[in-house]
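>>> Pasting a predicted model and its sequence here:
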Amino acid sequence: MPRDFLQGVQSEYDVVVIGSGLAGLTCANTLGRAGYSVLLVEQHYKLGGMATWFKRPGGHIFDISLHGFPVGMIKSCRRYWTREIADSIIQLKNIRFDNPMFSLTTTFDREDFTRLLTERFQLEPSTVHEFFDHVRSMNFYDDQATTTRQLFDRFFPGREDVIRLLMEPITYANGSTLEDPALSYGIVFSNFMSKGVFTFEGGTDRLIGLMQKDLVKNGVDPRIRCNAENIMVHRGQVTGVQVNGRMIRTRAVVSNANLKSTILNLVGQEHLDRGFVNETSAVRLNNSSTQVYMALKEDERIDESTGDLLFSSTAPLFRTDALLSRDVTSRTYSFYYPRTRPTGRPRCLVVSSTNANYSDWAGLSSEDYEASKKDLVETTLVAIEKYLPNLRDRLDHVEAATPLTFKHYTRHVHGSSFGTKFEGLAVSRSLPEQVRGLFHAGSVGIIMSGWLGAINYGVIVANGVDAMLSKVETQSSDVANLVTEV
Amino acid sequence: MTLAEIREEIIDILHDIAPDEDLSELKDDVDFREQLELDSMDFLDIVMELRKRHRVQIPEEDYGELASMHRTVTYLEPLLKDVARVS
């Protein structure tokens, strides 16, 4: 008989969280800590969603999305997780750019960017300060019509080199483009610029392990290999979730699954306004990615001057369509040194990431798909020669992931690796107005994506769930009081 | 709770949220954000803490009422007048 991954599960919970990405994990933890009974179901065999890793023979551990989150993670992890997690967050100080317009190294904070922009790019200090102050003052409620391209044209007209410096890392971090609203750029860029770029010491496996420990301590019941098949709704109210064929009753559901599949597939359109369904269908997904994973032989080392993150491109100008093209010209390399896992086996690894369209990979025959994957590895090995000569001969293991790989593991529509475009946020936020007790927390609207965005959005949604559930309790205890008075 | 007690309670919550800030010089009629390094998540934490401690429901459209100490205390007064301060 196959193993029952729901063994010992209760028949009812206050909250069921579907999906264990960082938003789902943090939402579950916040609600568990507040005293609710919480079931967390994850279809994959490990927790973490896109915050994940995999192991290969020879002691190699590859991180998928570890390098490069803003300083705000320290505060969020201290408050919504543990001191131990917060204390393991360390800065990546060696961020490099190399493209036909410029080559430079930076600590990636406001001070160093101001220095670069005034000394090297010869901009007026007052323009640079105005730009930083302006993007810092942006918030979610601002005008959404201005695009990032228009913002740059206002402050730095004709300066394609400056635009590239300011935009390329943010595109790597959350998939946003020059055509997206300027405010989404401003919020994310300012988060990074406040103190630089950070990572988690011990690797993603340690982070998720510590989170799992805290979840259990706070009474959350996390279950892997448990697939949520349906969200049950009765008279506009959530009543349960069907998981691995079994019905679990609940008063609230938080879906950390893809926004579109949550609404269009898990709920059932008969429970929703037609206008809301149309609005959901119109939400644009962000692109997917390809990655090439390279592990060096046990005794091989990469010199640390190579950097922590390297934004490399051979394209003459920064353009969104060029970034997504199968004809890859831009790659972001994350370099992992033994210090990533100080207590683990000392290894050096490189992950090359490129934004990609799902459609370019989905229609291929299996031979063409394998050939394209091979070509992706091959062209990456050629491109990285410039920074790490003879890397090919020093490698112990190399493999690639495509948009189909991301779709396979996360079940995100089109393997989307950065959630949705800006309009997805409003749809996600208004879901509880459609079905009482139904919430969505996950990568949406660009500003709620990335590790920090996802964690904070998990807390924001937990607040909504808590408000709803505690209101119900207050009302029912009022009713109880009335009854006793009578 | 009296106005003074509500103020004490908010100071107590701010101590948890921003442990590194000196709150002894806090000006009640100036926005928190102009005096303290608070972001939108910090305001959300104040809302969550008030709900946890006193079961006060603050709807999202009222979050702006928490901009300064004076406005917060004024806003909370009718909601907390029948609640006893616990801590």
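Yep, it's here.

>>> For the spatially most central residue of chain B, pull up the helix or strand it's in.
Within chain B, one residue has its C-alpha closest to the average C-alpha position: by CA atoms, centre = their mean, that is B:I10, at 3.9 Å. Counting by DSSP states H and E, the element that carries B:I10 is helix B:3-17.

>>> Only the buried residues of that helix, if you could.
With burial defined by 16 or more other CB atoms under 10 Å in any protein chain shown, the residues of helix B:3-17 counted as buried are B:I6, B:R7, B:E9, B:I10, B:I13, B:L14, B:I17. Bear in mind the C-beta positions are built from the backbone N, C-alpha and C, glycine included.

>>> Count the residues that sit near the closest residue to the residue nearest to the centre of chain B other than its chain neighbours.
Leaving out its chain neighbours, the residue that sits closest to B:I10 by CB to CB, 6 or more residues apart in numbering or on different chains is B:T72, at 5.8 Å. The criterion is other CB atoms under 10 Å in any protein chain shown. On that basis, B:T72 has 23 neighbouring residues.

>>> Give me the distance between B:T72 and A:K297.
From B:T72 across to A:K297, the span is 60 Å (CB to CB, to the nearest Å).

>>> Ok, A:T171 next?
In this structure, A:T171 and A:K297 are separated by 32 Å, where distance is defined by CB to CB.

>>> Which residue of those two possesses the greater neighbour count?
A count of neighbours by other CB under 10 Å puts A:T171 above the other of A:T171 and A:K297, at 24 against 15.

>>> which ones are touching the more buried one?
Residues in contact with A:T171, defined by CB atoms under 8 Å, 6 or more residues apart in numbering or on different chains, are A:T177, A:T320, A:L323, A:N355.

>>> Which ones among the residues you listed map onto strands?
When the contacts of A:T171 are checked against strands using DSSP state E, the ones located there are A:N355.

>>> so which of the contacts of A:T171 would you say is closest to chain B?
Ranking these by separation from chain B, with CB to the nearest CB as the measure, puts A:T177 on top at 24.8 Å.

>>> What is the burial count for the closest one?
Residues within reach of A:T177, counting by other CB under 10 Å, total 23.

>>> hang on, it packs against A:T148?
Yes. A:T177 lies in contact with A:T148 (CB atoms under 8 Å); the separation is 7.4 Å.

>>> how close does A:G24 get to chain B?
When distances are taken as CB to the nearest CB, to the nearest Å, A:G24 and chain B turn out to be 18 Å apart.

>>> wait, isn't that residue in contact with A:V17?
Yes. Counting by CB under 8 Å, A:G24 does reach A:V17; the two are 5.0 Å apart.

>>> Which one's more surrounded, these two?
A count of neighbours by other CB under 10 Å puts A:V17 above the other of A:G24 and A:V17, at 36 against 28.

>>> So the more buried one lies in a helix, does it not?
No. Assignment of A:V17 by DSSP: H, G, I helix; E, B strand; the rest coil gives strand, placing it outside any helix.

>>> Enumerate the beta-bridge partners assigned to it.
Here A:V17 sits in beta bridges with A:L40, A:V254, as judged by DSSP bridges.
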